[in-house]
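>>> model this:
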Amino acid sequence: MSDARVEHLTTSGVFTLDGGSWDVDNNVWLVGDDEEVVVIDAPHDAGAITAAVDGRRVVAVLCTHGHNDHVNAAPAVADATGAPILLHPEDRVLWDMTHPDRAPDGDLADGQSVRVGGTELTVLHTPGHAPGAVCVYAPELGVLFSGDTLFQGGPGATGRSYSDFPTIVDSIRRKLLTLPADTVVNTGHGDSTTIGAEAPNIRE
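Residues are numbered from 1 along each chain as shown. Next up is the predicted model:
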């Protein structure tokens, strides 16, 4: 029996891309138990994230994609905890905009498994919002961490560089809508939802 649980905090900062800047609130998700956790996205405030970790071993910092508002605190969190930063290699182009002098420590790949707190996390490559965007699925917990691929109300934004609307819709249809309808979707920004609630919002 897994004692794994999901913990949540919100950090605030600025998203920058294509010469624009936007104030944003980002969700940070921790999955694990009293001994160890995985951090899913490390935006804006390394101190708040390491405080939430509270001395536990950090198995990895998993980056759902390389936009600055999801990775800008990742090196500081990694340095503070000794955890590796893992990113899908197709998002290095975005990562390097924020951290040109610090590479991720490892790659994420579709179908990859990360074990933490007695539960299994599965990486799903879901390009569209970004070429290397991933979601993280915890089947035993009935939870999907969708980054900016799927939100309450539909797909993530595709109006900026390195994004593509048909691609994100295809990713969601093939990789996410096949999950159980009652799967909770914990997003990169805003409120959580479920796969069943979002299925009608995905169009061809």
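
>>> what's the closest non-adjacent residue to residue 115?
Distance criterion CB to CB, 6 or more residues apart in numbering; nearest residue to residue 115, sequence neighbours excluded, is residue 121 at 7.3 Å. Backbone N, C-alpha and C define where each C-beta goes, glycine included.

>>> Wasn't that neighbour part of a helix?
No - Residue 121 sits outside any helix when classified using DSSP: H, G, I helix; E, B strand; the rest coil, being strand.

>>> show me what contacts it?
By CB atoms under 8 Å, 6 or more residues apart in numbering, the residues touching residue 121 are 31, 38, 62, 113-115, 136-138.

>>> buried subset of those?
Buried members of the contacts of residue 121, scored by 16 or more other CB atoms under 10 Å, are 31, 38, 62, 114, 136-138.

>>> Check those residues and tell me the two furthest apart.
38 and 137 (12.6 Å; CB to CB).

>>> excluding its backbone neighbours, what's nearest residue 149?
Spatially, and ignoring its direct neighbours in sequence, residue 149 is nearest to residue 126 (4.5 Å; CB to CB, 6+ apart).

>>> contacting residues for that neighbour?
Here residue 126 is in contact with 133-135, 146-147, 149, 168, 171-172, 175-176 (criterion: CB under 8 Å, 6+ apart).

>>> In contact with residue 16, which residues are there?
Each residue near residue 16 by CB under 8 Å, 6+ apart is listed here: 22, 68-69.
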